[in-house]
Structure formats: C-alpha cells, structure tokens
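**Student:** here's a sequence, model it:
(chains A, B, C and D)
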Protein chains: 2
Amino acid sequence: MTKRVTITDIARRAGLSKGAVSYALNGQPGVSESTRQRVLQMALEMGWHPNSAAKALSGARAGAFGLVLARPASTLGVEPFFMKLISGMESAMASSQTALLLQVVADHDAEIATYRRWWAERRVDGVFLIDLEVHDKRVPVLEELKLPAMVVGGPGNHGTLPGVWIDDTSAMVMVMEYLAALRHRRIARVAGVPGMLHTEVRKEAFDEVSARIGLAWSTTINTDYSPEEGAQATRRLLSASTRPTAIVYDNDVMAVAGVSVAHEMGVDVPGDLSIMAWDDSVLCEIVHPPITAVSRDITGYGVHVAERLLALLDDDLDGQAVRDFEGVPPRLVVRGSTARPVRSSVGA
Amino acid sequence: MTKRVTITDIARRAGLSKGAVSYALNGQPGVSESTRQRVLQMALEMGWHPNSAAKALSGARAGAFGLVLARPASTLGVEPFFMKLISGMESAMASSQTALLLQVVADHDAEIATYRRWWAERRVDGVFLIDLEVHDKRVPVLEELKLPAMVVGGPGNHGTLPGVWIDDTSAMVMVMEYLAALRHRRIARVAGVPGMLHTEVRKEAFDEVSARIGLAWSTTINTDYSPEEGAQATRRLLSASTRPTAIVYDNDVMAVAGVSVAHEMGVDVPGDLSIMAWDDSVLCEIVHPPITAVSRDITGYGVHVAERLLALLDDDLDGQAVRDFEGVPPRLVVRGSTARPVRSSVGA
DNA sequence: CTGAAAGCGCTTACAG
DNA sequence: CTGAAAGCGCTTACAG
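**Tutor:** This is a model prediction of the structure:
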C-alpha cells in the first residue's frame, strides 16, 4: 500500500481507456451501466481516490473551502463559537468531499491578501466570510475576484454576496421583554466590537426596545469580546452611582467574567444583578449561578452556511443565484442568573 | 483582475521559455542573476501566484499540512488549547506558504480514514498527530503510509514517528512539591481521558511523588475533559467522608467548573480547598478566585511543532532524520485559588 | 546559461 | 456506447 492507484491502473485492469474510466467514476453518460459498476467496484477494491491536484488542475473544483479568522488570539481560543461553527461546516462538507482550509491572521488586510492569494493559486472553490462589518472592505474584494463566498451574517451590508444570518433583532426584543417582565428598569449592555454588523443590529434593537418599554435607564459599553474587557466593563457598571439591575453580554465568556466580578465585588447574582449571555455554551452551565442565555444552534448554523455555499457552486452553473437566508431563530435558556431584582437594589 | 496570471504569461512577456521562468521563480540554478531579478519583478507586478494544483501535480509539494481533531464537540469548542495550538502552527507555516487543512471527526477510525484519503489524494505533505494514546493505532497507519507526521506528544509510544512534547513529569513534580510545601496532605487529581499518554504520564508522576513525599491520601478520577464531568468529579470528591484539601485538574475548563462546584457547595476556595489547573488561559484569570495554573506556551508549542514538520520534509531529501524534541518546560502561575489549608478543614 | 519536450493524473470535447 | 488526444500549469531532466 505504498503506491498510489491512478485511473490508468484501473483502465489497464478493466481493459478500458482512461476516459471511459473517468466517465464511469464521475457518473457521466458515455459508459454502460454494467461497465460503470465494474469500474466503481474496482476503484473501491484498489483503494483509488482521485489525486486532488490533478482533479483541480483539469478544471474541476479544488475541493476545498477557505475560512479566515481575523480575531486576536486573546478572544479566538476562548470563544466556543468558532469551533462549533467549524464542526457544523465540516459535517456538511464531508458528504461532498470538500476540505476546509483554515487561516488565522492578524487583521482584515491580511485576510484580504489571503483571499487574493487563494484565488490566484486556485486553492479554494469558495470562502466563508465571518464577523461582517457595517462597512466591510472585504466584500468588494470578493466581488471583484468573483470568488464564491457565503457571508455568515446579515441581513444587509454584504453587497451582492449571499448571506446566512440569525435574527438578532427579534432575539434582543425577546431578551428585553423578558427582563422588563421581571421588573428590571435599569439595563446595561456589554457589547462586542463596534462596527461589526451584529453589534450594531443588537444595539439598534436594544435602544429601540429600551425606549418603547420606557426603561428608567440604559447604557451600552463596547468591548473587544475578551473576558478581560468584559470584566472591566462590569466593574465600571457596578462602581457607578447609577447601577444596572441587569446586564446583557454579547458573548458567553464575558458573561462568565461578569459573574466573577459580581462575586468579587460582593454583588449578589441574581438578587442584586441579573446576568444574561448571548450565545450559550457549557461555560454558561458550569459557573455558579449558571447563566441565562440566548441560545443559538451554532453547529446547525455552520451546517447551513456550508450547504448554501455548496449550493452556490452548483447553481452557478445554471445561472440560478443562491440568495440570502435566515437561519433558525434563537431561544432563551433561563437559568439561575436572572430573577426579579430585590427591593434593596432598586434604589441608587 | 479577473484573469489569472500563469508562467506562460510571464515567459511571453519576458521573452523566455516557461522552463527558464520556472527556474528563476524557484531559485534554481540555470538562469543569470539579472534574468532572475527581471522575472521576479515581473511576477510581482503581474500578481502571479503559482497554481497550487499544478505545482502539486508536477511533483512538488501539496503545500498543505493536515490536522484532524477527533474529540467530541462538547470539549472541542471550550478548550482554548486547540485554537492556540493552531494559531502557533499557522504562524510557522505562513512563511513557507503552507496551508492548514482542518478536519473534525468523530473518532480515531474516522481519523485514520481521513489520513488514508489524504494520502491517496495527495492532499497534504504531512500531518500533525495530537492526543497521542499509550497504544495508538494511528501510529502504525501513518508509518505504513509513509505520510510525514509530527506527533504532538510524548515521549515514547509513537513508534518511528518524530514527536515534540512538553515535560509533564517534572511539571507534576513541581505542582506536588508546591502543594506539599503549603502543607497539603490530601490531594486529588481530576484527570483527562485514561489511555491518553499525557494522562498516564501525569498519573505516574502523581503517584510517584505522592508516595515519595508521604501524602496521607491521594486519588485520581478520570473524565472526558468536559466541564460537566469535571464538575461531577468535584462533587464526588467534596461529598466523600475523606475530602482532599487540594485538587489538581487536567485542564482549565474543569478547574473553572471545580471552582463553581466549591462555591455551590459552600466550600471556600482557597481556605477549605486549593484548586489548580493544568494549562493556563484567560478562563483561569476571569473566575473568582483566579486559578493557579501550570502554564505552558501553547502557541509557541504550535510554532515548534510546525517548524519541525517543515524541517522533516526538507531533511527527508538528504536522509537526515528529524528526531524527537522536548519543548519549553511549563511554569507555575500562582493566583488566588491555592493557599495553605486552614485548620478547620484538616480534620475528616 | 537557455530552450524544447515530456510528464504529473485527471477531465472533456471530438471522432468513431 | 467507447477510444484517442489535447490540455490544465507547473517542474525537471535533457540537449544545446
């Protein structure tokens, strides 16, 4: 088993031409059904797998999608989001023999350089674009290159590229109405990076609902998603003269950091302070108290995104455009970190 | 910019043959220095990048390394270890234009199938093998395929494959002597998956040092690395009639879960119980109290591993074998979760 | 130092 | 339904 099997080997053994073998293997017309079965059987027995380079070079697909992660190492490792998304993508790609090329870079300029290189090298058949920004310079580059891309995010702000997103607006409405029903009147938000589309979408919804339900007070603090900045924002909020009775965090690790800061400052959760995380994960379950979270099926999201990029490639052939798509809406998983605020904490 | 530049384009414009252009581009002898410079300049101007498929097909490298992750989704996403390792690998691979192919699978059988497929497809030039087991069936397969591999783990138990590891034995000695110096006499270990080499190496060191320093009591509970099992093990330890005064966890997320369980059960950390994590991460810093940890430079580890796989490929050419290598030893980062046990908790 | 040619393993019109 | 041939974009002996 130290020699690779090629279609030439199969052709010789089957007494056919390479072309016929290729047709048989690829389900193309041009060979009889019995021949096809015989070839397929032989390929299996001989342990044949197409040489990916040869396949790619002769005009077929590269058989790979690319994903660039342009977040600082400080947040990348800690957020379960990415690995879940990747797991989902891969389970969808496995069936079509598509590999995932992963690249970790420092910023969007490096990310763009990677796209250009991948395009020129013909390394990938398409890419996933994540962490969409309101004004995203990556979008026009991908449009210019005509590199098939599926945007993980939206709606809007991704030009002519198709996107898949989860509805953050209605999720935020759900969160705020839940907190309002618990009688919270002062709610803070520890948000992610400003300029990212979902940060802005959530902010807009947060402000809109705050006004509509007539909150006494509300505020938003932006962070880089890291637990350090999440902790710092929490300290700031809990040290001010006007303190929130509830804080909504834009990810799970910052919410965990928030619980610790409350503990460290002697603020009771959920008695004095309710805490909510955006994205649920085991992290939310293992802290004390466990954290109420906006739960999204990230793995399923990844599956969806990959399926649609695969569909985009097929559709390209007959001119049918794959359009935007909204994924399964998030749901609220209520745990011990949220409650009606106790009387004593209402003053300030 | 919608047309890809090939060496034929460069050759035409430079008035040379494709062969000459190839020599110039690859630093091979056979062209004058002035010609080489002219070609290099042109390639840059024209935005040329080698077609990766063509390069791979004509005998050169595939330009990619593969990494298979065969852990359940439940632990993959939460442990910062993997993303840090990947970041490190990629920063080392970037300089040699090597991409990373990532595959998430269910178990080692699927992992082996992936190696066989990658080998047959000529997809990768080499692979990284992680989570080495004491009796690892992946090793003989990679040896048989002669697929260059770098084992992330050791020492030992990886056959003829070269490995890079971090010394867990001396790290465990350091941990135990530190706890003993604090007067801990009953120490428990919440370990990872049994059968994994580093689990066993640590267990051996743990037992050996326990005996040598004459602990009154010690025990090890195995888990799947997930925070759930870490929490469960902690509850068991703290509910027994003989309770440890210190627990050493095999990763960071289980230690975080341990702190929460202690909190939930009214056990004071570090007064009644000291907690230590293996692998440090922001998770250890953001909980309250912050967790004392065995800190390893995982990103640097990844850099090392990738550099050595690259070296292995080069060495292959002149028969010089790249051998095993021991990375930078871990160090102890002491935080608030460890202390001398208070009198009241000593009885039992 | 340079050019012409073969070959890597596939796919795909083009004849039969 | 099948075979012979060209071509994808490189690399690399082989002549000059």
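
**Student:** number of nearby residues for residue A:105?
**Tutor:** 19 (other C-beta atoms under 10 Å in any protein chain shown). (C-beta placed from N, C-alpha, C; glycine too.)

**Student:** next up, the contacts around it.
**Tutor:** In this structure, residue A:105 makes contact with A:68-70, A:111, A:114, judged by C-beta atoms under 8 Å, 6 or more residues apart in numbering or on different chains.

**Student:** reformat the residues you listed as TSV; add pLDDT and distance to DNA strand C.
**Tutor:** Listed next are the contacts of residue A:105 as TSV, based on pLDDT from 0 to 100; distance: C-beta to the nearest atom of the strand, whole Å:
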residue	pLDDT	distance to DNA strand C
A:68	96	28
A:69	93	31
A:70	92	34
A:111	96	30
A:114	94	25
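
**Student:** end-to-end on stretch A:135-152?
**Tutor:** End-to-end distance for stretch A:135-152, by C-alpha to C-alpha, to the nearest Å: 15 Å.

**Student:** tell me where chain A has helices.
**Tutor:** Remark: helices assigned in chain A by DSSP state H are A:7-14, A:18-25, A:33-46, A:52-57, A:73-76, A:80-94, A:108-121, A:138-145, A:168-181, A:197-212, A:227-239, A:252-264, A:282-286, A:298-318.

**Student:** say whether DNA strand C is contacted by the last one.
**Tutor:** Going back to what we said before, that points to helix A:298-318. No: residues of helix A:298-318 are not located near DNA strand C by C-beta under 7 Å from any atom of the strand, the shortest gap being 10.3 Å.

**Student:** tell me which residues are up against that helix.
**Tutor:** A:61, A:65, A:80-81, A:84-93, A:96, A:98, A:125-126, A:128, A:148-150, A:152, A:162, A:164, A:166, A:279, A:321-322, A:325, A:327-328, B:73.

**Student:** before we move on, back to that, which stretch among the helices of chain A comes nearest residue B:192?
**Tutor:** Nearest to residue B:192, of all the helices of chain A, is helix A:282-286, at 15.9 Å by C-beta to C-beta.

**Student:** give me the distance from that closest one to the chain's centre.
**Tutor:** Distance of helix A:282-286 from the chain centroid (C-alpha atoms, centre = their mean, to the nearest Å) equals 19 Å.

**Student:** give me the residues contacting it.
**Tutor:** A:80, A:252-253, A:255-256, A:277, A:290-293, A:333, A:335, B:74, B:78, B:226-228, B:230-231, B:253, B:256-257, B:260.

**Student:** can I get the CA coordinates of it in CSV?
**Tutor:** Listed next in CSV are the C-alpha coordinates belonging to helix A:282-286 (Å, rounded to 0.1, in the frame of the first residue of the first chain):
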residue,chain,number,x,y,z
VAL,A,282,-21.1,24.8,28.6
LEU,A,283,-19.4,27.8,30.1
CYS,A,284,-22.8,29.2,31.0
GLU,A,285,-23.7,25.9,32.6
ILE,A,286,-20.6,25.4,34.8
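
**Student:** hey, what's the closest residue to residue A:128 other than its chain neighbours bridged with?
**Tutor:** Of all residues beyond its chain neighbours, the one nearest residue A:128 is residue A:67 (4.9 Å), with distances taken as C-beta to C-beta, 6 or more residues apart in numbering or on different chains. For residue A:67, the beta-bridge partners under DSSP bridges are residue A:102, residue A:128.

**Student:** got a list of what residue A:67 touches?
**Tutor:** Residues counted as contacts of residue A:67 (C-beta under 8 Å, 6+ apart) are A:86, A:89, A:100-103, A:127-128, A:130.
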